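> sequence first, then the predicted structure:
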Amino acid sequence: MAVRWAGLAGYGLRLAVVAAAYFLTAQLGLQLALVHGQVTPVWPPTGIALFAILVFGVRMWPAVALAAFLVNIPLGPNPLSAAVIAVGNTLAPLFAAYLMKQAGFRLELQRLGDAAALILLGALAGMAVSATAGSLVLVLSGSVPQANFAQTWAVWWTGDAMGVLLVAPFLLTFRPQLAQPALTWAERAELGGLLALVAIATFAVFQNRLRLEYLVFPLIMVAALRFRLRGSAPAALIASTVAVWAAVNNTGPFADETLLQKMITLQVFNVFVALASLVLVAYVETRGREHEARLSSEAKSEFLRVASHELRGPLSVLNGYLTLLAGGDLGAPPVRWREPLEILTAKTAELDGIMDQLLEVSRLDGDLVPRSRLPVDLREVLVAAADRARPRAELAGARVTVEDGAPVAVVADPRQLGQVIDNLLNNALSYTRVPARVEIGLAVEGHHAVVRVSDNGIGITDEVRRTLFEPFRRGRQAGVEEVPGTGLGLYISRELAESHGGLLALEKSKAGVGSTFALSLPIARASSNGS
């Protein structure tokens, strides 16, 4: 019951935050209105609404609907019209999120397909719903002449679309899910200086009539190349905000333009700023992953070739002779041999485990992993993994706990998911301080189930974090090098997570405090029957 009330409280808090953010940014957006006091060239609330629905799920619609109604009711023309406009404002992000989900959109925005889905489906297609509903209401109520329907629709549509393209990516940069190290203070200062330069440059080019506004693009490109989405999204938002301010105040190239000319100039600039920001980041991320994957694959293939041909044979022979000696088949071993034989047997078992990991990597690399997927209760997988880890934990005086909660269904191979959780738990127990405390949590976030494994361990440095999921790479820091291992566990776990359509990332870590790994998996649909 306590868990249920805590969940309801959390849901209510999210609704309140989303509604407040929508309402406040709407008031700012209305200061930029160009048509009937409520149609603006950039409408930030649409980006907030889409972000909330993508991250927290469709349950956020009441916050969007209420805030949209409260924003529109003072503007008229009457409460019924305000309610219809609010319905359109609510349906638009819901429709956009649905289209993006069907296209396989990922919140990390690291693929060209994600950028295309946000632009084409989220902004251009989805926002046509709110533009159509709102423009029809204004025309039917007599607030806007029928002859101005197309112009009103175009301004409304582009305003909502720009809110999606500029605000949603900016908000996504604050999600602590990207497998990227936190910025250092020097990097933060560099990013701040770069964003300030973008603002100054944009202001300068929009204060004259030389039509030099596209000189801002190199700075946005530098932000994208240097800081990825964390640099390009705020840079694009800043440049667009300055441009809109210039248009509203009729400065620079907007001084002698009509409303239609002003909208064309402004929105073409805004669209290209947003497109350059999103597409360039996706391109850089894709090329970076391809380069890293190629280098990693070459090293891995060579190592596996040597391991499979040179190690498996001698290891089998060694294991066979040790079995004969320890079992007395060659005669009772001397008493003084017992301890060395036990050590050799233990080390041979470790080598067997290493070879098993190498073979698992080989299967992943060759795409030979069984693909049977069935709906399973993720919480049962977590409980089973915790039960397997408890004997080791109890020997070391550690504690492994699983938070209470409701079942969550995912389509997966339970053995492979169990292997992922086992790897995370083994790492947590290996690199924690005594007494070790490992907590497993499960939460539903939007359309994904997120498993978090937290420990009170030694933490992970920024240097180690950069190569944490690469094969055959082990961190060089105190408390790590003395623990035996191959550096394959996290790599295998990440590959298995991605093969299930999910993501495994280091969510947070602090030296001497501990780490939290997050495994995100798509929630099974009600009609899913496996594949």
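Now that the structure is in, tell me what you want to look at.
> in the stretch 301-450 of the chain, which spans are helices?
Taking DSSP state H, counting those that start in this stretch as the criterion, the stretch 301-450 of the chain carries its helices at 312-327, 338-365, 378-395, 414-430.
> and the spatially most central residue of the chain, how far from Leu229?
By Cα atoms, centre = their mean, the chain has its centre lying nearest to Glu108, at 3.7 Å. Between Glu108 and Leu229 the computed distance is 8 Å (Cβ to Cβ, to the nearest Å). All C-beta spots, glycine's among them, are computed from the backbone N, C-alpha and C.
> kindly report the same for Trp153.
Separation of Trp153 from Leu229 (Cβ to Cβ) stands at 31 Å.
> these two - which one has more neighbours?
Higher neighbour count among Trp153 and Leu229: Leu229, with 24 against 20, using other Cβ atoms under 10 Å.
> pretty sure the more buried one contacts Val279?
No - counting by Cβ atoms under 8 Å, Leu229 stays clear of Val279, with 11.7 Å between them.
> strands of the stretch 201-350 of the chain, start to end?
Using DSSP state E, counting those that start in this stretch, the stretch 201-350 of the chain contains no strands.
> can you pull the poorly scored residue ranges out of it?
Applying pLDDT under 70 to the stretch 201-350 of the chain picks out residues 259-260, 289-322, 324, 326-331, 338, 341, 346-350.
> change it to 80
Residues of the stretch 201-350 of the chain meeting the criterion pLDDT under 80: 209-214, 229, 247-248, 256-268, 270-271, 274-350.
> please apply the same query to the stretch 351-500 of the chain.
Confidence mapping of the stretch 351-500 of the chain against pLDDT under 80 gives the ranges 351-373, 395-396, 431-436, 461-489.
> recalculate using a threshold of 50.
366-370, 479-482 (pLDDT under 50).
> can you report how many residues lie near Thr286?
When neighbours are counted by other Cβ under 10 Å, Thr286 registers 16.
> show me the helices in the stretch 151-300 of the chain, by range?
With DSSP H, counting those that start in this stretch as the criterion, the stretch 151-300 of the chain has helices spanning 185-205, 217-227, 229-248, 259-310.
> deepest of those, which one?
Across the helices of the stretch 151-300 of the chain, the average number of neighbours (mean count of other Cβ atoms under 10 Å) peaks for helix 229-248, which reaches a mean of 25.
> restrict that helix to CA atoms and write it as PDB.
Only the C-alpha atoms of helix 229-248 are listed here, as PDB (Å, rounded to 0.1, in the frame of the first residue of the first chain):
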ATOM      1  CA  LEU A 229      23.800  16.900 -28.400                       C
ATOM      2  CA  ARG A 230      24.800  18.600 -25.100                       C
ATOM      3  CA  GLY A 231      26.300  21.400 -27.200                       C
ATOM      4  CA  SER A 232      24.200  21.600 -30.300                       C
ATOM      5  CA  ALA A 233      20.800  21.500 -28.700                       C
ATOM      6  CA  PRO A 234      21.300  24.600 -26.400                       C
ATOM      7  CA  ALA A 235      23.200  26.400 -29.200                       C
ATOM      8  CA  ALA A 236      20.300  25.900 -31.600                       C
ATOM      9  CA  LEU A 237      17.800  27.000 -29.000                       C
ATOM     10  CA  ILE A 238      19.900  30.200 -28.200                       C
ATOM     11  CA  ALA A 239      20.300  31.100 -31.900                       C
ATOM     12  CA  SER A 240      16.600  30.600 -32.600                       C
ATOM     13  CA  THR A 241      15.500  32.600 -29.500                       C
ATOM     14  CA  VAL A 242      17.700  35.600 -30.500                       C
ATOM     15  CA  ALA A 243      16.300  35.400 -34.100                       C
ATOM     16  CA  VAL A 244      12.700  35.400 -32.900                       C
ATOM     17  CA  TRP A 245      13.400  38.300 -30.600                       C
ATOM     18  CA  ALA A 246      14.800  40.200 -33.600                       C
ATOM     19  CA  ALA A 247      11.700  39.400 -35.700                       C
ATOM     20  CA  VAL A 248       9.300  40.600 -33.000                       C
END
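> helices or strands up against it?
helix 149-172, helix 185-205, helix 217-227, helix 259-310 (3 or more Cβ pairs under 8 Å, 6 or more residues apart in numbering; DSSP states H and E).
> kindly recompute the last result at 10 Å.
helix 44-56, helix 149-172, helix 185-205, helix 217-227, helix 259-310 (3 or more Cβ pairs under 10 Å, 6 or more residues apart in numbering; DSSP states H and E).
> and the second one, how far from the chain's centre?
Between the mean C-alpha point of helix 149-172 and the mean C-alpha point of its chain there is a distance of 23 Å (Cα atoms, centre = their mean, to the nearest Å).
> now for Gly441: which residues touch it?
Contacts for Gly441 (Cβ atoms under 10 Å, 6 or more residues apart in numbering) come out as Leu382, Thr401, Val402, Glu403, Gly405, Val450, Val451, Arg452, Val453, Ser454, Thr516, Ala518.
> bridged to the third one, which residues?
In this case it means Val402. Ile440 (DSSP bridges).
> what's near enough to touch it?
So Val402 contacts 379, 382-387, 438-442, 451 (Cβ under 10 Å, 6+ apart).
> check the gap between the closest residue to Val381 other than its chain neighbours and Glu108 for me.
In this structure, Val381 finds its nearest non-sequential neighbour in Leu417, 5.0 Å apart by Cβ to Cβ, 6 or more residues apart in numbering. Distance, Leu417 to Glu108, using Cβ to Cβ: 21 Å.
> same question, Val222
Val222 is 22 Å from Glu108, by Cβ to Cβ.
> and what of Met162?
Per Cβ to Cβ, Met162 is found 22 Å from Glu108.
> ok so, going back, TSV for the contacts of Gly441, including distance to Trp245?
As requested, the contacts of Gly441 are exported to TSV (distance: Cβ to Cβ, whole Å):
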residue	distance to Trp245
Leu382	51
Thr401	53
Val402	52
Glu403	47
Gly405	47
Val450	39
Val451	45
Arg452	42
Val453	46
Ser454	44
Thr516	41
Ala518	39
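> can you count the residues close to the closest residue to Asn78 other than its chain neighbours?
Nearest non-adjacent residue to Asn78, counting by Cβ to Cβ, 6+ apart: Ser141, 7.1 Å away. Ser141 is flanked by 14 other residues according to other Cβ under 10 Å.
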